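Enquirer: Mind folding the following:
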Amino acid sequence: MKTLSMKALSRLTAIALAGSLASAELPANAETPAKQLFGRMTLPSNSNAASHGFYSKGCLAGAVAIPVDGPDWQVMRLSRNRRWGHPELVSILEQLSVKAKRDGWNGLLVGDMSQPRGGPMLTGHASHQIGLDADIWLTPMPNKRMTYQERENTSAISVLSGNGKGPYVDDRRWTKAHEALLRDAASFGEVERILVHPGIKKKLCDTVKGDRAWLNKIRPYWGHHYHFHIRIGCQPGSPGCRSQKGTGSDIGCGDALNWWFNVGLKPPKPSKKPSKPAKPKPQLTLSGMPDACAAVLKAPAKSADAAEFKSSLLQGFAAPAMDMPARVDPLAVLSSKPIEAASSSSALSVAGSVLSAMSADRLPVPEPRPLR
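Expert: Numbering: from 1, shown residues only. Next up, the predicted model:
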(Lines give C-alpha, C1' and ligand atoms only; values in the text may rest on other atoms or scores of the structure.)
Protein backbone atom coordinates (compact mmCIF):
# COMPACT_ATOMS: atom_id res chain seq x y z
CA MET A 1 0.00 0.00 0.00
CA LYS A 2 1.34 3.38 -0.97
CA THR A 3 2.03 5.70 1.98
CA LEU A 4 0.72 9.22 1.55
CA SER A 5 2.35 12.31 2.98
CA MET A 6 0.58 14.18 5.76
CA LYS A 7 0.09 17.10 3.38
CA ALA A 8 -1.60 14.85 0.84
CA LEU A 9 -3.73 13.25 3.54
CA SER A 10 -4.78 16.62 4.87
CA ARG A 11 -5.87 17.58 1.38
CA LEU A 12 -7.69 14.27 1.00
CA THR A 13 -9.51 14.88 4.28
CA ALA A 14 -10.60 18.34 3.19
CA ILE A 15 -11.71 17.19 -0.26
CA ALA A 16 -13.69 14.31 1.18
CA LEU A 17 -15.78 16.75 3.21
CA ALA A 18 -15.77 19.74 0.89
CA GLY A 19 -18.86 18.56 -0.92
CA SER A 20 -20.95 18.40 2.22
CA LEU A 21 -19.72 21.82 3.37
CA ALA A 22 -20.40 23.33 -0.04
CA SER A 23 -24.05 22.42 0.33
CA ALA A 24 -24.20 24.96 3.16
CA GLU A 25 -23.79 27.67 0.53
CA LEU A 26 -27.40 26.94 -0.38
CA PRO A 27 -30.25 28.40 1.70
CA ALA A 28 -30.63 26.55 5.00
CA ASN A 29 -33.29 23.88 5.00
CA ALA A 30 -34.53 21.20 7.36
CA GLU A 31 -31.97 18.66 6.11
CA THR A 32 -28.81 20.79 6.18
CA PRO A 33 -26.61 19.80 9.15
CA ALA A 34 -26.24 22.79 11.45
CA LYS A 35 -22.49 22.21 11.75
CA GLN A 36 -22.14 22.95 8.03
CA LEU A 37 -24.09 26.19 8.32
CA PHE A 38 -22.16 27.49 11.31
CA GLY A 39 -18.84 25.98 10.25
CA ARG A 40 -18.72 28.07 7.07
CA MET A 41 -19.22 31.44 8.82
CA THR A 42 -16.01 33.44 8.94
CA LEU A 43 -17.18 36.58 10.79
CA PRO A 44 -19.68 37.21 13.62
CA SER A 45 -23.08 38.82 13.30
CA ASN A 46 -23.21 42.61 13.57
CA SER A 47 -25.39 42.71 16.67
CA ASN A 48 -25.26 42.96 20.43
CA ALA A 49 -23.56 40.07 22.18
CA ALA A 50 -26.00 37.34 23.20
CA SER A 51 -25.75 33.60 23.84
CA HIS A 52 -28.72 31.55 22.65
CA GLY A 53 -29.43 28.03 23.91
CA PHE A 54 -27.16 25.69 25.85
CA TYR A 55 -23.42 25.09 25.77
CA SER A 56 -23.89 22.01 23.57
CA LYS A 57 -26.82 23.26 21.46
CA GLY A 58 -26.91 26.93 20.66
CA CYS A 59 -25.29 29.86 18.92
CA LEU A 60 -23.68 33.22 19.58
CA ALA A 61 -24.62 36.68 18.34
CA GLY A 62 -22.21 39.62 18.32
CA ALA A 63 -19.09 37.63 19.11
CA VAL A 64 -15.67 39.22 19.43
CA ALA A 65 -12.25 37.75 18.72
CA ILE A 66 -9.45 37.68 21.23
CA PRO A 67 -6.41 39.29 19.55
CA VAL A 68 -3.97 36.68 18.29
CA ASP A 69 -1.26 38.23 20.49
CA GLY A 70 -1.28 40.01 23.82
CA PRO A 71 1.42 40.84 26.36
CA ASP A 72 0.82 37.55 28.20
CA TRP A 73 -1.03 35.36 25.70
CA GLN A 74 -0.79 33.84 22.24
CA VAL A 75 -3.61 32.18 20.33
CA MET A 76 -2.89 28.75 18.86
CA ARG A 77 -4.21 26.88 15.79
CA LEU A 78 -5.29 30.07 14.07
CA SER A 79 -6.42 28.16 10.98
CA ARG A 80 -9.37 26.83 12.97
CA ASN A 81 -10.86 30.34 13.36
CA ARG A 82 -12.07 29.47 16.84
CA ARG A 83 -10.85 32.49 18.80
CA TRP A 84 -14.36 33.92 19.18
CA GLY A 85 -16.45 34.38 22.27
CA HIS A 86 -18.78 36.55 24.29
CA PRO A 87 -16.97 39.80 25.20
CA GLU A 88 -17.08 38.87 28.89
CA LEU A 89 -15.25 35.60 28.21
CA VAL A 90 -12.54 37.38 26.23
CA SER A 91 -12.15 39.97 29.00
CA ILE A 92 -11.76 37.21 31.61
CA LEU A 93 -9.11 35.42 29.55
CA GLU A 94 -7.11 38.61 29.22
CA GLN A 95 -7.40 39.35 32.96
CA LEU A 96 -6.40 35.76 33.72
CA SER A 97 -3.24 36.20 31.65
CA VAL A 98 -2.19 39.05 33.94
CA LYS A 99 -3.01 37.18 37.16
CA ALA A 100 -1.28 34.03 35.99
CA LYS A 101 1.88 35.89 34.95
CA ARG A 102 2.03 37.47 38.41
CA ASP A 103 1.77 34.00 39.98
CA GLY A 104 4.52 32.35 37.95
CA TRP A 105 2.84 31.25 34.69
CA ASN A 106 4.75 32.62 31.72
CA GLY A 107 1.67 33.40 29.62
CA LEU A 108 -1.44 31.72 28.24
CA LEU A 109 -1.58 29.59 25.11
CA VAL A 110 -5.22 29.96 24.11
CA GLY A 111 -6.78 27.01 22.32
CA ASP A 112 -10.30 26.60 20.96
CA MET A 113 -13.02 29.01 21.98
CA SER A 114 -16.06 29.26 19.66
CA GLN A 115 -16.77 29.80 15.98
CA PRO A 116 -17.67 33.31 14.79
CA ARG A 117 -21.39 32.65 15.26
CA GLY A 118 -21.04 29.78 17.68
CA GLY A 119 -23.04 26.68 16.86
CA PRO A 120 -21.92 23.09 16.37
CA MET A 121 -18.46 22.58 14.90
CA LEU A 122 -17.34 20.58 11.90
CA THR A 123 -14.83 18.76 14.11
CA GLY A 124 -14.04 18.47 17.77
CA HIS A 125 -16.21 19.83 20.52
CA ALA A 126 -19.78 19.08 21.42
CA SER A 127 -19.88 22.21 23.58
CA HIS A 128 -18.21 25.61 22.86
CA GLN A 129 -21.39 26.62 20.99
CA ILE A 130 -22.55 29.78 22.77
CA GLY A 131 -19.29 31.68 23.29
CA LEU A 132 -18.85 30.90 26.99
CA ASP A 133 -16.20 28.13 26.77
CA ALA A 134 -12.44 28.34 26.23
CA ASP A 135 -9.54 25.89 26.29
CA ILE A 136 -6.20 26.94 27.81
CA TRP A 137 -3.13 24.80 27.30
CA LEU A 138 -1.32 23.37 30.31
CA THR A 139 1.87 24.44 28.54
CA PRO A 140 3.16 27.95 29.34
CA MET A 141 3.85 30.45 26.61
CA PRO A 142 7.43 30.37 25.28
CA ASN A 143 9.73 33.37 25.58
CA LYS A 144 9.16 34.32 21.96
CA ARG A 145 6.34 35.13 19.57
CA MET A 146 5.54 32.04 17.57
CA THR A 147 5.02 32.19 13.83
CA TYR A 148 1.76 31.15 12.21
CA GLN A 149 3.21 27.75 11.29
CA GLU A 150 4.63 27.21 14.77
CA ARG A 151 1.17 27.84 16.20
CA GLU A 152 -0.22 25.27 13.78
CA ASN A 153 2.36 22.58 14.52
CA THR A 154 3.42 22.98 18.16
CA SER A 155 1.91 20.28 20.38
CA ALA A 156 0.60 20.73 23.88
CA ILE A 157 2.17 18.51 26.53
CA SER A 158 0.15 16.18 28.74
CA VAL A 159 0.84 16.46 32.47
CA LEU A 160 -0.03 12.80 33.08
CA SER A 161 2.35 9.94 33.80
CA GLY A 162 2.93 7.03 31.45
CA ASN A 163 3.56 9.09 28.33
CA GLY A 164 0.41 11.08 28.93
CA LYS A 165 -1.77 7.99 29.42
CA GLY A 166 -2.13 8.49 33.17
CA PRO A 167 -4.26 8.16 35.09
CA TYR A 168 -2.16 10.15 37.57
CA VAL A 169 -0.15 13.36 37.24
CA ASP A 170 3.56 13.07 36.48
CA ASP A 171 5.33 14.99 39.24
CA ARG A 172 8.16 15.78 36.84
CA ARG A 173 5.72 17.77 34.68
CA TRP A 174 3.48 19.28 37.33
CA THR A 175 4.49 22.50 39.10
CA LYS A 176 3.04 24.86 41.67
CA ALA A 177 2.53 27.27 38.77
CA HIS A 178 -0.02 24.82 37.31
CA GLU A 179 -1.90 24.91 40.60
CA ALA A 180 -1.73 28.70 40.76
CA LEU A 181 -3.00 28.99 37.17
CA LEU A 182 -6.08 26.90 37.94
CA ARG A 183 -6.69 28.74 41.20
CA ASP A 184 -6.49 32.07 39.38
CA ALA A 185 -8.94 30.84 36.73
CA ALA A 186 -11.37 29.76 39.46
CA SER A 187 -11.10 33.14 41.19
CA PHE A 188 -13.40 34.86 38.69
CA GLY A 189 -16.99 34.93 39.85
CA GLU A 190 -18.21 34.47 36.27
CA VAL A 191 -16.33 31.18 35.95
CA GLU A 192 -18.67 28.35 36.93
CA ARG A 193 -16.65 25.30 35.92
CA ILE A 194 -13.11 24.32 35.02
CA LEU A 195 -12.83 20.90 33.42
CA VAL A 196 -9.64 18.90 34.00
CA HIS A 197 -8.57 15.26 33.81
CA PRO A 198 -9.47 13.32 36.98
CA GLY A 199 -5.75 12.83 37.64
CA ILE A 200 -5.31 16.61 37.85
CA LYS A 201 -8.27 16.93 40.18
CA LYS A 202 -6.77 14.26 42.44
CA LYS A 203 -3.41 16.03 42.42
CA LEU A 204 -5.08 19.22 43.58
CA CYS A 205 -7.12 17.41 46.23
CA ASP A 206 -3.92 15.83 47.57
CA THR A 207 -1.73 18.93 47.58
CA VAL A 208 -3.73 22.18 47.88
CA LYS A 209 -3.33 23.74 51.33
CA GLY A 210 -5.20 26.55 53.03
CA ASP A 211 -8.32 27.76 51.23
CA ARG A 212 -9.69 24.80 49.26
CA ALA A 213 -13.16 26.14 48.44
CA TRP A 214 -12.14 26.96 44.86
CA LEU A 215 -11.67 23.23 44.19
CA ASN A 216 -15.46 23.08 43.91
CA LYS A 217 -15.16 24.63 40.44
CA ILE A 218 -12.55 22.10 39.32
CA ARG A 219 -14.58 19.30 37.70
CA PRO A 220 -13.05 16.01 36.53
CA TYR A 221 -13.80 14.86 33.00
CA TRP A 222 -12.38 12.64 30.27
CA GLY A 223 -9.45 14.11 28.35
CA HIS A 224 -8.36 17.57 29.53
CA HIS A 225 -4.85 16.44 30.51
CA TYR A 226 -2.95 18.81 28.17
CA HIS A 227 -5.43 21.69 28.48
CA PHE A 228 -8.15 22.84 30.84
CA HIS A 229 -11.59 24.10 29.90
CA ILE A 230 -13.02 27.32 31.34
CA ARG A 231 -16.79 27.77 31.31
CA ILE A 232 -18.51 30.97 32.38
CA GLY A 233 -22.21 31.35 33.10
CA CYS A 234 -24.94 33.00 31.05
CA GLN A 235 -24.34 36.74 30.79
CA PRO A 236 -26.72 39.73 31.03
CA GLY A 237 -28.37 40.49 27.70
CA SER A 238 -28.79 36.78 26.89
CA PRO A 239 -32.35 35.87 27.93
CA GLY A 240 -32.25 32.86 25.61
CA CYS A 241 -29.19 31.38 27.32
CA ARG A 242 -29.84 28.23 29.36
CA SER A 243 -27.77 27.84 32.52
CA GLN A 244 -26.08 24.66 33.65
CA LYS A 245 -26.96 23.07 36.97
CA GLY A 246 -24.89 24.48 39.83
CA THR A 247 -21.93 22.65 41.36
CA GLY A 248 -23.12 22.85 44.97
CA SER A 249 -20.63 23.40 47.76
CA ASP A 250 -18.73 20.09 47.95
CA ILE A 251 -15.11 20.43 46.81
CA GLY A 252 -15.37 17.03 45.13
CA CYS A 253 -12.43 15.19 46.69
CA GLY A 254 -14.36 12.20 48.03
CA ASP A 255 -16.46 9.40 46.58
CA ALA A 256 -17.29 11.26 43.37
CA LEU A 257 -13.59 11.55 42.54
CA ASN A 258 -12.83 7.97 43.56
CA TRP A 259 -15.45 6.78 41.05
CA TRP A 260 -13.23 7.94 38.22
CA PHE A 261 -10.35 5.70 39.23
CA ASN A 262 -12.48 2.74 40.29
CA VAL A 263 -14.93 2.83 37.39
CA GLY A 264 -14.81 5.77 34.99
CA LEU A 265 -11.25 5.43 33.70
CA LYS A 266 -11.19 1.63 33.67
CA PRO A 267 -11.19 0.03 30.21
CA PRO A 268 -14.52 -1.59 29.32
CA LYS A 269 -14.82 -5.29 30.10
CA PRO A 270 -14.70 -7.58 27.06
CA SER A 271 -18.18 -8.58 25.98
CA LYS A 272 -19.00 -12.19 25.16
CA LYS A 273 -21.58 -11.03 22.66
CA PRO A 274 -20.44 -9.65 19.33
CA SER A 275 -20.75 -5.89 19.33
CA LYS A 276 -23.24 -4.32 17.00
CA PRO A 277 -22.10 -1.40 14.88
CA ALA A 278 -23.16 1.87 16.46
CA LYS A 279 -25.96 3.63 14.66
CA PRO A 280 -24.97 7.09 13.43
CA LYS A 281 -26.56 9.83 15.49
CA PRO A 282 -29.13 11.96 13.66
CA GLN A 283 -27.40 15.15 12.56
CA LEU A 284 -28.50 18.31 14.32
CA THR A 285 -30.23 20.71 11.94
CA LEU A 286 -31.23 24.32 12.32
CA SER A 287 -34.79 23.31 13.12
CA GLY A 288 -33.53 21.54 16.25
CA MET A 289 -31.72 24.63 17.54
CA PRO A 290 -33.05 27.72 19.34
CA ASP A 291 -35.21 29.86 17.06
CA ALA A 292 -32.84 32.82 17.39
CA CYS A 293 -30.04 30.89 15.69
CA ALA A 294 -31.63 31.23 12.24
CA ALA A 295 -31.53 35.02 12.64
CA VAL A 296 -27.90 34.85 13.85
CA LEU A 297 -26.92 33.01 10.67
CA LYS A 298 -28.72 35.46 8.39
CA ALA A 299 -27.53 38.65 10.12
CA PRO A 300 -25.00 40.94 8.36
CA ALA A 301 -21.41 40.42 9.43
CA LYS A 302 -19.23 42.71 11.49
CA SER A 303 -16.13 43.99 9.79
CA ALA A 304 -12.94 42.18 10.81
CA ASP A 305 -11.71 45.31 12.61
CA ALA A 306 -14.96 45.83 14.52
CA ALA A 307 -14.98 42.16 15.50
CA GLU A 308 -11.60 42.32 17.26
CA PHE A 309 -11.87 42.80 21.04
CA LYS A 310 -10.50 46.22 21.98
CA SER A 311 -8.39 45.68 25.06
CA SER A 312 -6.69 48.25 27.26
CA LEU A 313 -3.98 45.64 27.80
CA LEU A 314 -2.85 46.15 24.21
CA GLN A 315 -1.99 49.82 24.72
CA GLY A 316 1.74 50.15 24.17
CA PHE A 317 2.03 46.51 23.10
CA ALA A 318 3.02 45.56 19.57
CA ALA A 319 3.59 41.97 18.48
CA PRO A 320 5.81 41.18 15.50
CA ALA A 321 3.97 41.05 12.19
CA MET A 322 2.77 37.55 11.35
CA ASP A 323 2.57 36.01 7.90
CA MET A 324 -1.05 34.85 8.02
CA PRO A 325 -3.30 33.68 5.18
CA ALA A 326 -5.09 36.52 3.41
CA ARG A 327 -8.51 35.02 4.11
CA VAL A 328 -10.07 32.51 6.45
CA ASP A 329 -10.71 29.11 4.90
CA PRO A 330 -13.54 27.29 6.74
CA LEU A 331 -12.23 23.96 5.42
CA ALA A 332 -8.83 24.45 7.08
CA VAL A 333 -10.17 23.05 10.33
CA LEU A 334 -10.70 19.66 8.67
CA SER A 335 -6.97 19.14 8.24
CA SER A 336 -5.81 20.99 11.35
CA LYS A 337 -3.21 19.16 13.40
CA PRO A 338 -4.49 17.79 16.73
CA ILE A 339 -3.57 19.90 19.74
CA GLU A 340 -1.71 17.02 21.38
CA ALA A 341 0.97 15.09 19.51
CA ALA A 342 -0.54 11.98 17.95
CA SER A 343 0.73 8.73 19.44
CA SER A 344 0.30 6.89 16.12
CA SER A 345 3.38 6.50 13.98
CA SER A 346 1.31 6.39 10.83
CA ALA A 347 0.07 9.59 9.24
CA LEU A 348 -2.35 7.49 7.25
CA SER A 349 -4.12 6.26 10.36
CA VAL A 350 -4.50 9.83 11.63
CA ALA A 351 -6.25 11.07 8.49
CA GLY A 352 -8.18 7.84 8.18
CA SER A 353 -9.57 8.19 11.68
CA VAL A 354 -10.67 11.75 10.92
CA LEU A 355 -12.51 10.65 7.80
CA SER A 356 -14.08 7.72 9.62
CA ALA A 357 -15.17 9.84 12.55
CA MET A 358 -16.64 12.54 10.37
CA SER A 359 -18.51 10.11 8.14
CA ALA A 360 -20.12 8.62 11.24
CA ASP A 361 -20.74 12.12 12.58
CA ARG A 362 -18.75 11.39 15.71
CA LEU A 363 -16.48 13.87 17.41
CA PRO A 364 -12.77 13.14 16.90
CA VAL A 365 -11.03 13.98 20.17
CA PRO A 366 -7.61 12.92 21.45
CA GLU A 367 -9.03 10.87 24.31
CA PRO A 368 -12.64 9.88 23.68
CA ARG A 369 -14.92 8.73 26.43
CA PRO A 370 -14.64 4.92 26.56
CA LEU A 371 -17.59 2.85 25.45
CA ARG A 372 -19.39 1.24 28.37
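Enquirer: ok but A134 is inside a strand, no?
Expert: Yes: according to DSSP: H, G, I helix; E, B strand; the rest coil, A134 belongs to a strand.
Enquirer: you'd agree it is up against L89?
Expert: Yes: proximity of A134 to L89 meets the contact threshold set by Cβ atoms under 8 Å, at 6.1 Å. C-beta here means a position set from N, CA and C on the backbone, and glycine is covered the same way.
Enquirer: Identify the contacts common to these two.
Expert: Counting by Cβ atoms under 8 Å, 6 or more residues apart in numbering, the residues touching both A134 and L89 are M113, I230.
Enquirer: Now the residue nearest to C293 when sequence neighbours are not counted. Its backbone dihedrals?
Expert: Residue nearest to C293 in three dimensions, not counting chain neighbours: C59, with 4.0 Å by Cβ to Cβ, 6 or more residues apart in numbering. Backbone torsions of C59, given as degrees, to the nearest 10, read phi -150, psi 180.
Enquirer: I'd like to know how far C59 sits from A307.
Expert: According to Cβ to Cβ, to the nearest Å, C59 stands 16 Å off from A307.
Enquirer: Which one's more surrounded, the two?
Expert: Just comparing C59 and A307: by other Cβ atoms under 10 Å the higher neighbour count belongs to C59, 33 against 18.
Enquirer: re earlier: check the spacing between the residue nearest to C293 and R80 real quick.
Expert: From C59 to R80 the distance is 18 Å (Cβ to Cβ).
Enquirer: now do L122
Expert: L122 sits 10 Å away from R80, going by Cβ to Cβ.
Enquirer: G248 now?
Expert: Look at G248 and R80: by Cβ to Cβ, they are 34 Å apart.
Enquirer: of the two, who's got more company?
Expert: Taking other Cβ under 10 Å, G248 and R80 do not tie; R80 has more neighbours (24 against 8).
Enquirer: which residues of the chain fall in helices?
Expert: In the chain, the helices defined using DSSP state H lie at 6-22, 34-39, 87-102, 148-153, 161-164, 176-186, 198-207, 255-259, 292-298, 304-307, 347-359.
Enquirer: picking up where we left off before, find residues that contact each of L122 and R80.
Expert: With contacts defined as Cβ under 8 Å, 6+ apart, the residues adjacent to both L122 and R80 are V333.
Enquirer: can you count the residues close to the residue nearest to L297 when sequence neighbours are not counted?
Expert: In space, and not counting its chain neighbours, L297 is closest to L37: 5.8 Å by Cβ to Cβ, 6+ apart. Using other Cβ under 10 Å, L37 has 26 neighbouring residues.
Enquirer: pLDDT weak spots in the stretch 251-372 of the chain?
Expert: 341-372 (pLDDT under 70).
Enquirer: count of neighbours near the residue nearest to P71 when sequence neighbours are not counted?
Expert: Of all residues not flanking P71 in the chain, F317 sits nearest, at 5.0 Å (Cβ to Cβ, 6+ apart). When neighbours are defined as other Cβ under 10 Å, F317 has 12 of them.
Enquirer: ok, now how distant is R212 from K266?
Expert: 27 Å.
Enquirer: ugh, wrong one, M121
Expert: Counting by Cβ to Cβ, the gap from M121 to K266 is 29 Å.
Enquirer: One more: P236?
Expert: P236 sits 43 Å away from K266, going by Cβ to Cβ.
Enquirer: One more: R83?
Expert: Between R83 and K266 the distance is 36 Å, computed by Cβ to Cβ.
Enquirer: between those two, who's got more neighbours?
Expert: Neighbour tally, R83 and K266, criterion other Cβ under 10 Å: the higher count belongs to R83, 27 against 12.
Enquirer: circling back to that earlier point, pretty sure the residue nearest to P71 sits against G70.
Expert: Yes: proximity of F317 to G70 meets the contact threshold set by Cβ under 8 Å, at 6.8 Å.
Enquirer: any residues in contact with both of these two?
Expert: Common neighbours of F317 and G70 (Cβ under 8 Å, 6+ apart) do not exist.
Enquirer: quick one, strands of the stretch 201-350 of the chain?
Expert: For the stretch 201-350 of the chain, the strands defined by DSSP state E, counting those that start in this stretch cover 218-220, 227-232.
Enquirer: Now do the shortest one: everything it contacts.
Expert: So the one you mean is strand 218-220. 182, 186, 193-198, 200-201, 204, 247, 252, 257, 260.
Enquirer: Generate a ChimeraX selection restricted to the buried entries among the residues you listed.
Expert: Only the buried entries of the contacts of strand 218-220 go into this ChimeraX selection, using 16 or more other Cβ atoms under 10 Å:
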select :182,186,193,194,195,196,197,198,200,201,204,252,257,260
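Enquirer: Which members of the contacts of strand 218-220 define the maximum pairwise distance?
Expert: Maximum pairwise distance among the contacts of strand 218-220 (Cβ to Cβ): 19.5 Å, between A186 and W260.
Enquirer: which residues does R212 contact?
Expert: Taking Cβ under 8 Å, 6+ apart as the test, what R212 contacts is I251.
Enquirer: What is the nearest of the contacts of strand 218-220 to S155?
Expert: Nearest to S155, judged by Cβ to Cβ, of the contacts of strand 218-220 is H197 at 16.6 Å.
Enquirer: What is the neighbour count of the nearest residue to that closest one once chain neighbours are set aside?
Expert: Once flanking residues are discounted, H197 sits nearest to H225: 3.9 Å by Cβ to Cβ, 6+ apart. If you count neighbours by other Cβ under 10 Å, H225 ends up with 26.
Enquirer: How much space separates the spatially most central residue of the chain from G104?
Expert: Ranked by distance to the mean C-alpha position of the chain (Cα atoms, centre = their mean), the top residue is D112 at 3.7 Å. To G104, D112 is 25 Å away according to Cβ to Cβ.
Enquirer: Please apply the same query to A299.
Expert: As judged by Cβ to Cβ, A299 and G104 stand 43 Å apart.
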